[in-house]
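*Asks:* Quick check, what structure comes out for this input:
(4 chains)
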Number of protein chains: 2
Amino acid sequence: MMTIGKLSVTAGVKVPTIRYYEDIGLMPEPERTEGNQRRYVRAHLERLNFIRHARDLGFSVEAIRDLLSLQATPDAPCHDADRIAADNLADVRAKIARLKKLEAELEHIVSECAGGRAGECNVLATLADHALCMTNHGHANNALDNGSV
Amino acid sequence: MMTIGKLSVTAGVKVPTIRYYEDIGLMPEPERTEGNQRRYVRAHLERLNFIRHARDLGFSVEAIRDLLSLQATPDAPCHDADRIAADNLADVRAKIARLKKLEAELEHIVSECAGGRAGECNVLATLADHALCMTNHGHANNALDNGSV
DNA sequence: CCTAAATCTCTAAAGACTAGAGGTTCAGGA
DNA sequence: TCCTGAACCTCTAGTCTTTAGAGATTTAGG
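*Replies:* Have a look, this model is predicted:
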């Protein structure tokens, strides 16, 4: 029997976040004391660990919902879970590729900025002029959006 | 003289986003026709390109605001712009490092999933049990939050 | 029993947009 | 010149995943 504070510390998830997960149905409603305070058992901790871990790995809340429902029916084929993870892997690789280009560009910018005046500064010049751009970081804006990965 | 639609297509920024940038002061208020429609000139396109480019590179709106103000005073030392870019570079590197761990873990998970049942699936097992975790993707939740990079 | 810490609910904010409603203006063709 | 349909206008409200605070209540330890 854990309080929400204990659960929070143990799982590494902030208290309001736990309540939020309950709101959106990721966490079940736990039992309450007579004074209406939440009391959790070990199953809750495990589930919350699962959720936090999956969030850390970049899974969306929707994907986690799917995974949790799979977990609830252990006889189902794991094909779906596999697909969810594979999709995520593709995403992650795309993000890495994009960030590496970005890193190269920023390195270039920073190393060249030798403390001159803004008028000659590469940061500004590079950002202002696409023609100076080393790499093609295109308009695929969603590739790295919705962060929390 | 461009309409907002033309500007949108040319710069690769959605129309409501342009208006939003105007609201928050990233874009100046352009001239209007007698019928109250916005009309942009080339300077607007360049500024919007600057903004989009910087957003693509992971700069926050606040950082962009700083950069834009630096750009407006080209005699100022570029030290600030340099710092902003350097800060961003550190961020980008942290993101890359984290995503690489994540990639390794997902590769591990996916490759081991041989189409069994969910009860034995590594995706679920790995997510459920921290002890099976290959890497320490810690609780530094903000490292990759606020995406759009 | 008392008190301080933790909990409760509820509302609102963050960032960076995006979507829709309901109305107006513009440009090209008949 | 008029018409029509696409594009524009403002305004409100929603997205997503939390996080922070206010004000009230409960709990556990001494």
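*Asks:* ok, the nearest residue to A:Met27 once chain neighbours are set aside - how many residues close by?
*Replies:* Leaving out its chain neighbours, the residue that sits closest to A:Met27 by C-beta to C-beta, 6 or more residues apart in numbering or on different chains is A:Tyr21, at 4.2 Å. No exception for glycine: its C-beta is placed from N, CA and C like everyone else's. Taking other C-beta atoms under 10 Å in any protein chain shown as the criterion, the count of residues near A:Tyr21 is 20.
*Asks:* Just confirm A:Tyr21 contacts A:Leu48, I think it does.
*Replies:* Yes - look at A:Tyr21 against A:Leu48 with C-beta atoms under 8 Å: they come within range, at 7.4 Å.
*Asks:* ok, now which ones touch A:Phe59?
*Replies:* A:67, A:84, A:88 (C-beta atoms under 8 Å, 6 or more residues apart in numbering or on different chains).
*Asks:* residue contacts, the second one?
*Replies:* What that stands for is A:Ile84. A:Ile84 makes contact with A:59, A:63, A:66-67, B:123 under the criterion C-beta under 8 Å, 6+ apart.
*Asks:* domains of chain A?
*Replies:* For chain A, automatic domain parsing gives the domain ranges A:4-72, A:95-142.
*Asks:* Between these, which one is closest to DNA strand D.
*Replies:* Distances from DNA strand D to each of the domains of chain A were compared by C-beta to the nearest atom of the strand, and the smallest falls on domain A:4-72, at 1.9 Å.
*Asks:* That closest one and DNA strand C, are they touching?
*Replies:* Yes - Domain A:4-72 reaches DNA strand C (C-beta under 7 Å from any atom of the strand) through A:4-6, A:8, A:15-16, A:19, A:36-38.
*Asks:* Enumerate the residues of chain A near DNA strand D.
*Replies:* Of all the residues in chain A, those lying near DNA strand D are A:14, A:16-17, A:19-20, A:23, A:33-37, A:55, A:60-62, A:146, A:148, going by C-beta under 7 Å from any atom of the strand.
*Asks:* Comparing the domains of chain A by mean pLDDT, which bottoms out?
*Replies:* Set side by side, these give their lowest mean pLDDT on domain A:95-142, at a mean of 60.
*Asks:* in the sheet, who's paired with the closest residue to A:Met1 other than its chain neighbours?
*Replies:* Spatial nearest neighbour of A:Met1, chain neighbours left out: A:Arg39 (4.9 Å); criterion: C-beta to C-beta, 6+ apart. According to DSSP bridges, the residues that bridge with A:Arg39 are A:Glu31.
*Asks:* hang on, the earlier thing: I'd like the residues of domain A:4-72 next to DNA strand C as JSON lines, with distance to A:Glu29 appended.
*Replies:* Listed next are the residues of domain A:4-72 next to DNA strand C as JSON lines, based on distance: C-beta to C-beta, whole Å:
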{"residue": "A:Ile4", "distance to A:Glu29": "12"}
{"residue": "A:Gly5", "distance to A:Glu29": "18"}
{"residue": "A:Lys6", "distance to A:Glu29": "18"}
{"residue": "A:Ser8", "distance to A:Glu29": "17"}
{"residue": "A:Val15", "distance to A:Glu29": "16"}
{"residue": "A:Pro16", "distance to A:Glu29": "16"}
{"residue": "A:Arg19", "distance to A:Glu29": "10"}
{"residue": "A:Asn36", "distance to A:Glu29": "12"}
{"residue": "A:Gln37", "distance to A:Glu29": "13"}
{"residue": "A:Arg38", "distance to A:Glu29": "8"}
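*Asks:* No further queries at this time; thank you.
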